[in-house]
Structures are given as structure tokens and as C-alpha cells.
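>>> Just need the structure, nothing else, for what follows:
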Amino acid sequence: MKHLAIVLAFLSLITTSAAFVASPKISIIHTEKHESYSYMASALSEMPRPSFEDRMRKLVFANRRKGAGSKKSENHLPKNMKIARTLSEYRDIVANEEERIVVVRFYAEWCRACKAMRPLFYRLANQLPNTLFVEVPVTESNANLHQGLGVPSLPFGHIYTPEGGLVEESRISRRKFSTFTLKLKSYLSRSC
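Numbering: from 1, shown residues only. Below is the predicted model of the structure:
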């Protein structure tokens, strides 16, 4: 009982001093803010989330408005690297390769992680001249390609072998790139 009396006395002291410090108008606004925040949170949770395709299209169009070009970097591609911008190009490059292992990198021009991975990917392509490397940028015409292949995030990589088709798929961030490279080299040495 003694502890309960102390707690009640403390609570009454806090409420009276808070009422003394804060005016009723401020506390009403404060109460309305909390109600509006809870209303906004419930409204946001009920809103449908845009699809992957819609998010990618929005980012591509925003990138186009900024004036970023994607063809200017083709002059600096390694000899064993190709760029697939459409589904038909992707199919022609990847599905028709019957002799070499194909490594695919899905990326976007606006993605910082993708930009950071580019030199590592190009260096790997130069180290492995008998392997075909393919880059697939996110564009308005191939957002369905990314979604259809189950690319959950960027940058993302696939490894295809002539015998087995798609054998590896992985996020290829800086931290995971060495693991991706080891997997690729194990397929090249046929030790997997």
C-alpha cells in the first residue's frame, strides 16, 4: 500500500506539472497529431504496394529525365561481354550459347551498388576470356524480363552452363562477389 501511494503521488505531481508547463491548446494539438499519425499508418498499411515492374519503370523514367545515357559505356566493354536490353536479345545471347558458361549481371544505371560492382565484374570478365558475360540493365522495355526471371534485387547475377542451364543465382554485392566468383570458377573447373 505504501508503494502504491508513492506511485500515485508521483503521477499526480507529473500530471500537474505537465499541465502547468503545457497549455491545453498544445496538448490538444499533440493529441490530434497522434490520432492523425495512427490514421495515416492504418491508411498506408491498407494501400496496395506497387509492383516490381511499376517501381522499375518509375526509376527508369526518372533516370531518363536526369539524362543518364546507357550506350556511352559500350566502348569500354571487355571482348567477351554483351549487353541485352530486351527479352529477345537476352534469349538470343543466353539460350543460344551452347559451348561456354554464361554469367549474367542484372543492374541499373541509378543503383550505387551496381556502379560499385561494375569494375569487379569487368575485371572478372577480363580474367576469364573463355566465358561469356552479359549485362542486363533495367529499362522500360525489359522490366518484365527482370520480374519474370525472379530478380529480387539489384545487382543480381546468374550463372548458366551449357549442360545444366541456370545453375546459380545470387545477389552480387561487394560483400558477396568473392563467393559468386568462387562458384563460377568451380563450374569452370567442373569441380562442383
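>>> contacts and neighbour counts: CA atoms only from here.
Noted.
>>> all strands for the protein, in order.
81-83, 102-107, 132-137, 156-161, 165-171 (DSSP state E).
>>> would you list those strands in TSV and tack on mean neighbour count and distance to residue 113?
Shown next, in TSV, are the strands of the chain (neighbours: other C-alpha atoms under 10 Å; distance: least, C-alpha to C-alpha, whole Å):
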stretch	mean neighbour count	distance to residue 113
strand 81-83	18	19
strand 102-107	24	9
strand 132-137	23	13
strand 156-161	21	10
strand 165-171	16	11
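>>> of those, which approaches residue 189 most closely?
The minimum distance between residue 189 and those falls on strand 156-161, with 12.0 Å, by C-alpha to C-alpha.
>>> which regions of the chain sit below the pLDDT cut-off?
Across the chain, residues meeting the criterion (pLDDT under 70) sit at 1-47, 63-75, 191-192.
>>> just to revisit the earlier point, put together JSON lines for the strands of the chain, with distance to residue 187 on each row.
Output for the strands of the chain, formatted as JSON lines (distance: least, C-alpha to C-alpha, whole Å):
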{"stretch": "strand 81-83", "distance to residue 187": "18"}
{"stretch": "strand 102-107", "distance to residue 187": "11"}
{"stretch": "strand 132-137", "distance to residue 187": "13"}
{"stretch": "strand 156-161", "distance to residue 187": "8"}
{"stretch": "strand 165-171", "distance to residue 187": "9"}
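>>> What separation is there between residue 163 and residue 92?
Going from residue 163 to residue 92 by C-alpha to C-alpha, to the nearest Å gives 17 Å.
>>> hmm, back to that, nearest to residue 190, of the strands of the chain?
Here strand 156-161 is closest among the strands of the chain (C-alpha to C-alpha), at 10.4 Å.
>>> elements contacting that closest one?
Contacts defined by 3 or more C-alpha pairs under 8 Å, 6 or more residues apart in numbering; DSSP states H and E place strand 156-161 against strand 102-107, strand 165-171.
>>> hmm, try it at 10 Å
With contacts taken as 3 or more C-alpha pairs under 10 Å, 6 or more residues apart in numbering; DSSP states H and E, strand 156-161 sits against strand 102-107, strand 132-137, strand 165-171, helix 177-188.
>>> Run me through the strand neighbours of it, direction for each.
strand 102-107 (antiparallel), strand 165-171 (antiparallel) (DSSP bridges).
>>> of these, which approaches residue 130 most closely?
strand 102-107 (9.7 Å).
>>> Now do that closest one against helix 177-188, angle only.
Between strand 102-107 and helix 177-188, the angle comes out at 160 degrees (axes from the mean of the first three to the mean of the last three C-alpha atoms, to 10 degrees).
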